[in-house]
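Undergrad: Based on what follows, work out the 3D shape:
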Amino acid sequence: MSTAETSTSHDLRAYTTLRLGGPARRFVEASTAADLAATVGELDAAGEPVLLLGGGSNLVVADAGFDGTVVRIANTGWELPGAAASADGSAVSTVEAGQDWDDYVAATVAAGFGGLECLSGIPGSAGATPIQNVGAYGCEVSEVLHSVELYDRATGQIRTVPAADLGFAYRTSVLKGTDDGVVLSVRFALHADGLSAPIRYAELARTLDVEVGARVPAARAREAVLDLRRRKGMVLDAADHDTWSAGSFFTNPIVPESRIDDVLRAVADVVGADVAVPQYPADGGVKLSAAWLIERAGFGKGHTGPGGRVSLSTKHTLALTNRGDASTEDLLTLAREVAGGVRATFGVDLRPEPLLIACTL
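TA: Numbering: from 1, shown residues only. Next up is the predicted model:
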């Protein structure tokens, strides 16, 4: 039997980084992995709708809230590896699913381990990172993930799933879009030499004054990443409404090879044939920059939505922000305007990165 704490009618805006969302009919907080698994199992057996809530950094919750039970994943803590490394130079660390992600990253770097430094400053919980294959500044979770421990809701069993079985791709995994597996803890294969992953992101390499592909002390890379994120309003700050967001609202679109020439012609018609379009090879096509397309479609930094209650960040066009007294519908209206503008201008569909709960674009 679960010993998780239960209450009723929690306002979910207090648990999301957007500070948006209506009430949950019932709210349960699970502070251990055992409680989390038992609670979800009991709710499933009762046929109760369940919403799993971690750090709330990747959720857009409807103004009407959630008509079911919200289970807050609140198991925290981590284990850092000892001094010995495996033959490949890695050392495995375990972190609980409800642990604040950046606090964990900071601890790994401070202890002399590399691998997670480019993912510094990302809000949310550790358990969410493998679900959407969190990535930033040229690194993705899939590159350092060892395995996840999860509760299988179909069988009621707890099992360990290696990284190779998680079907990782750009901002996704087999865990995304389904709650069939509830992540209880995550294991990472860190670099025991204390150096960063190879620096692949050109802006970060310039900031560090190194060549792309170089490795630097993990602590140095972490500070550079945090500085870049702060400049873009991507490090949480209660006093800065540019950080009242779900991070990047749209993923970078991957255009199929069969359509890329048509899209590039449409771009040239708007910005001119001599303008270089940021584009990168990707599985299934060519990846374009969502922020670049948004700006060229006429939506600059600070572009406002209904009543000025929401806007694109004044620092980063990919972040949709709550300016203090917005509703979820205000935010969705702005998202529809931006996505519709990019579609009409370039023929490219933008997909939301956060999960939309009881609401749609």
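
Undergrad: if you average pLDDT over the longest strand along the chain, what comes out?
TA: Looking across the chain with DSSP state E, the single longest strand is strand 181-191. Averaged over strand 181-191, pLDDT sits at 97.

Undergrad: Next up, the contacts around residue 162.
TA: Each residue near residue 162 by Cβ atoms under 8 Å, 6 or more residues apart in numbering is listed here: 146-147. Quick note: C-beta positions are derived from backbone N, CA and C, even for glycine.

Undergrad: Next, work out how far apart it and residue 142 are.
TA: As defined by Cβ to Cβ, to the nearest Å, residue 162 lies at a distance of 12 Å from residue 142.

Undergrad: now the strands: where do they sit in the stretch 151-300 of the chain?
TA: Taking DSSP state E, counting those that start in this stretch as the criterion, the stretch 151-300 of the chain carries its strands at 157-162, 181-191, 254-255, 279-282, 285-288.

Undergrad: contacting residues around residue 250?
TA: With Cβ under 8 Å, 6+ apart, residue 250 has these contacts: 290, 294, 318, 338-339, 350-353.

Undergrad: one more time with 10 Å
TA: For residue 250, the contact set (Cβ atoms under 10 Å, 6 or more residues apart in numbering) comprises 290-291, 293-294, 317-320, 335, 338-339, 342, 349-354.

Undergrad: And the most centrally placed residue in the chain, how far from residue 98?
TA: Closest to where the C-alpha atoms of the chain average out (Cα atoms, centre = their mean) is residue 134, at 5.1 Å. As judged by Cβ to Cβ, residue 134 and residue 98 stand 16 Å apart.

Undergrad: Kindly provide the whole-number mean pLDDT of stretch 230-247.
TA: Mean pLDDT, stretch 230-247: 94.

Undergrad: what's the answer for stretch 111-130, then?
TA: 96.

Undergrad: Return the set of buried residues in the longest helix seen in the chain.
TA: As assigned by DSSP state H, the longest helix anywhere in the chain is helix 328-346. Buried positions in helix 328-346, judged by neighbour count with 16 or more other Cβ atoms under 10 Å: 328, 330-335, 338-339, 341-342, 345-346.

Undergrad: quick one: it to chain centroid distance?
TA: Offset of helix 328-346 from its chain centre (Cα atoms, centre = their mean, to the nearest Å): 20 Å.

Undergrad: Regarding residue 71, what is its secondary structure?
TA: In three-state terms, and counting by DSSP: H, G, I helix; E, B strand; the rest coil, residue 71 is strand.

Undergrad: Low-confidence bits of the stretch 51-200 of the chain, can you list those?
TA: Counting by pLDDT under 70, the stretch 51-200 of the chain has low-confidence residues at 83-87.

Undergrad: same question but for the stretch 201-350 of the chain, I mixed them up
TA: Looking at the stretch 201-350 of the chain by pLDDT under 70, you get an empty list.

Undergrad: what do you get if the cut-off is 90, keeping everything else the same?
TA: 283-284 (pLDDT under 90).

Undergrad: Tell me where it has helices.
TA: Assigned by DSSP state H, counting those that start in this stretch, the helices in the stretch 201-350 of the chain fall at 202-208, 218-231, 257-271, 290-296, 328-346.

Undergrad: For residue 93, which of those helices is the nearest?
TA: Taking Cβ to Cβ, helix 218-231 is the member of the helices of the stretch 201-350 of the chain nearest to residue 93, at 13.1 Å.

Undergrad: domain ranges for the chain?
TA: 5-73, 78-231, 241-357 (automatic domain parsing).

Undergrad: for the strands of the stretch 151-300 of the chain, which one sits closest to residue 105?
TA: Of these, nearest to residue 105 by Cβ to Cβ is strand 181-191, at 9.8 Å.
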